[in-house]
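>>> Here's a sequence, model it:
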Amino acid sequence: MNFYLIGVDYQSASLEIREEICRRRKEIFAYWHNRKPKATAVLFTCNRIEIYGLIRDFNGFSKEALAFKQCFKGLFENAYIKLGQAGIFEHLLRLACGLKSQLKGETQILQQLKAWPVLGLLPQPLSELLEQILPLAENIRRQTGLDQTEINIANIVFGDLVKRIGINEKMQIIIIGTGKIAQLIADNRPESAQLHFISHRNLSKARLLARQSQGTVETFSDLPDLLLTVDSLISATSSPHFVVNEEHFLKQNGKRQRPVYLYDLAIPRDIEPKVGQLPGIFLQNLNDVASVFEQDNQRRQSKISLAEYLVTEKINSYKDGLDGANYPSGYAPQSIGVKAG
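The predicted structure is shown next:
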């Protein structure tokens, strides 16, 4: 059997396309489950979707990829592909080290990859390959210092807020959602921040996060009043629709004395974009905070460069040990309208 990967990420697909892919994620899961239930696995994060699979020969891959692309027209026009065991090894190792993330070195994808074999979500050959990769990635992280838990989106947002509000100022922050990002926010809350959690579906988790961070639990009906006094709102839900819109800000009508900073960290977006046009409102989505990510990446460039060097060493060593399992010669990925990446 041969390995293949079809994927899009923040570099190959626009925010709008990634949003639509996320809205149709159940369809995408169902497509591969029905077509190749024991030979594929799908990785979803806020910034990427990747389909990993097994195929008997690469001659059949063009047909497989083209059928998928036609089924989801317009969503995978700029997809990247990886073919062969060496190509998948290289991609997964970089992914597990956090080198393909917007925030270099973050650990969220690593945790997801570690859960895959445990949950039995992978074809056996792919599971065995991943079990080789994970210890290598964790060792590279330790050697370079990229295993530090403070490398996460919560600290990036808090750091940005401190620059905007002031290091000695108390911050009142609304958190909408109770998923992984909300947990990171609760775990990394600075002493100057008072958190207010709002959840539609998981009130018990909101209460748990509030206890962990000495915060409060509020309801969506409280949101308009809260927005009169808070400094920031961070939203990261899995809703397919906007959960914050212009109407939530109608009560302000010039009553606020200070600006409010909104961070929409969800895909699809949680906050209606025209909210950012209101006076005194500063709205950033994942694309907008990319420059902040890049600044943090630059700060840790020496660690990232060392990790890249160590990863390249491991990849070359792995390729040397393979016999005919590298990228297939003579294959033309352009024939299906996607690019080798």
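>>> ok, the nearest residue to Phe220 once chain neighbours are set aside - contacts?
On the basis of C-beta to C-beta, 6 or more residues apart in numbering, the spatially nearest residue to Phe220 that is not a chain neighbour turns out to be Ile198, at 6.0 Å. The C-beta positions use only the backbone N, C-alpha and C, and glycine is treated the same way. Ile198 makes contact with 174-176, 206, 217-220, 222-223, according to C-beta atoms under 8 Å, 6 or more residues apart in numbering.
>>> Now Trp145. Nearest residue, chain neighbours left out?
You called it Trp, but residue 145 is Gly. Here the residue nearest Gly145, using C-beta to C-beta, 6+ apart, is Lys303, at 5.0 Å.
>>> Specify the next element, helix or strand, located C-terminal of the strand or helix carrying Leu161.
Using DSSP states H and E, Leu161 sits within helix 153-165. Scanning forward in sequence from helix 153-165 by DSSP H and E, the next helix or strand is strand 171-176.
>>> Tell me how many other residues crowd Phe220.
13 (other C-beta atoms under 10 Å).
>>> do the same with the one 10 residues further on
Burial measure for Val230: 19 neighbouring residues, criterion other C-beta under 10 Å.
>>> again, but for Pro273
Neighbourhood size, Pro273 [other C-beta under 10 Å]: 11.
>>> Would you agree it is in contact with Ile281?
No. With contact defined as C-beta atoms under 8 Å, Pro273 does not reach Ile281; the gap is 11.2 Å.
>>> hey, where'd the helices end up in the protein?
Ranges of helices in the chain, per DSSP state H, are 15-23, 25-35, 61-71, 85-96, 108-119, 124-144, 153-165, 180-187, 203-213, 223-226, 290-299, 301-320.
>>> among those, which is the most enclosed?
Mean neighbour count, computed with mean count of other C-beta atoms under 10 Å, is highest for helix 85-96 among the helices of the chain, reaching a mean of 23.
>>> Show the contacting residues for the residue positioned nearest the centre of the chain.
Nearest to the mean C-alpha position of the chain, counting by C-alpha atoms, centre = their mean, stands Cys46 at 3.5 Å. When contacts are counted by C-beta under 8 Å, 6+ apart, Cys46 is found next to 22, 265-267, 286.
>>> Kindly state the beta-bridge partners for the residue nearest to Phe220.
Ile176, Glu218 (DSSP bridges).
>>> Next one, pLDDT for it please.
Looking at Ile198, its pLDDT stands at 96.
>>> cool, and Leu121?
According to the model, Leu121 scores 75 on pLDDT.
>>> Same check on Gln334?
For Gln334, the pLDDT comes out at 40.
>>> same question, the one 4 residues further on
Predicted confidence (pLDDT) for Val338: 45.
>>> right, and Glu138 touches Leu146 too?
No. Using C-beta under 8 Å as the test, Glu138 is too far from Leu146 to be in contact (10.0 Å).
>>> got a list of what Thr144 touches?
By C-beta under 8 Å, 6+ apart, the neighbours of Thr144 are 303-304, 306-307, 310.
>>> Equivalent analysis for Phe89, please.
Neighbours of Phe89 in contact, by C-beta under 8 Å, 6+ apart: 129, 132-133, 315, 318.
>>> Excluding chain neighbours, what is closest to Lys259?
Just so we're on the same page, residue 259 is Pro rather than Lys. Pro259's closest residue in space is Gly280 (C-beta to C-beta, 6+ apart), at 4.8 Å.
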